[in-house]
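Enquirer: Fold the stuff below for me.
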Amino acid sequence: MNPIETKREYDRKRYLDKKEFLLKQHAEWKRDNKGKISQQSKKYMKKNRIRENKRISDWRKDHPKVQNAYNKSRGIIIQKGTICETRDCNELALEKHHPDYDHPKSVEFLCKNCHLNKHGGGLKLIQ
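Expert: Here you go, the predicted model:
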């Protein structure tokens with residue numbers, strides 16, 4: 001094994017040993033630095049507007065069912081005080097989730113964490 005591969009292997013093992021701590025630390029940093037992140041995001045978008053518009057346009061062309069479901073469900077309003085539809089969750093529902101993009105008017109009302117879990121398979125927000 002060459003020195004670069006050895007270093008990569010070492011770094012990977014070190015990351016996996018501390019993964020949970022590092023993810024928590026990153027989430028806390030993001031929570032504490034929302035203004036800085038917003039400012040950097042605006043700066044990036046201003047500098048790369050054409051590239052980002054093309055990326056978004058390409059994604060929409062590649063995912064017509066998702067885009068269609070999104071467009072058709074825009075009129076569905078989440079009523080104030082709606083609770084997340086996931087079992088054992090009592091958070092307020094803030095997002096709409098399409099279990100099947102072939103039925104765009106059929107949506108579930110979910111909280112942010114449950115919606116991330118549906119798509120990301122186990123992500124958890126730290127609040």
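Enquirer: Stretch 90-107: end-to-end distance?
Expert: 18 Å (C-alpha to C-alpha, to the nearest Å).
Enquirer: I misspoke; the intended subject was stretch 81-100.
Expert: End-to-end for stretch 81-100, by C-alpha to C-alpha: 25 Å.
Enquirer: Roughly how far does Leu23 sit from Thr82?
Expert: Leu23 is 29 Å from Thr82, where distance means C-beta to C-beta, to the nearest Å. For the C-beta atoms, the positions are set from N, CA and C on the backbone; glycine is no exception.
Enquirer: what's the answer for Gln40, then?
Expert: In this view, Gln40 and Thr82 are 33 Å apart by C-beta to C-beta.
Enquirer: Between the two, which is the more surrounded one?
Expert: Higher neighbour count among Gln40 and Thr82: Thr82, with 14 against 11, using other C-beta atoms under 10 Å.
Enquirer: Quick check: the more buried one touching Cys111?
Expert: No - taking C-beta atoms under 8 Å as the definition, Thr82 is not a contact partner of Cys111, at 9.8 Å.
Enquirer: Give me the common contacts of the two.
Expert: Counting by C-beta atoms under 8 Å, 6 or more residues apart in numbering, the shared contacts of Thr82 and Cys111 are 92-93.
Enquirer: How about the secondary structure of Phe109?
Expert: The three-state assignment at Phe109 reads strand, by DSSP: H, G, I helix; E, B strand; the rest coil.
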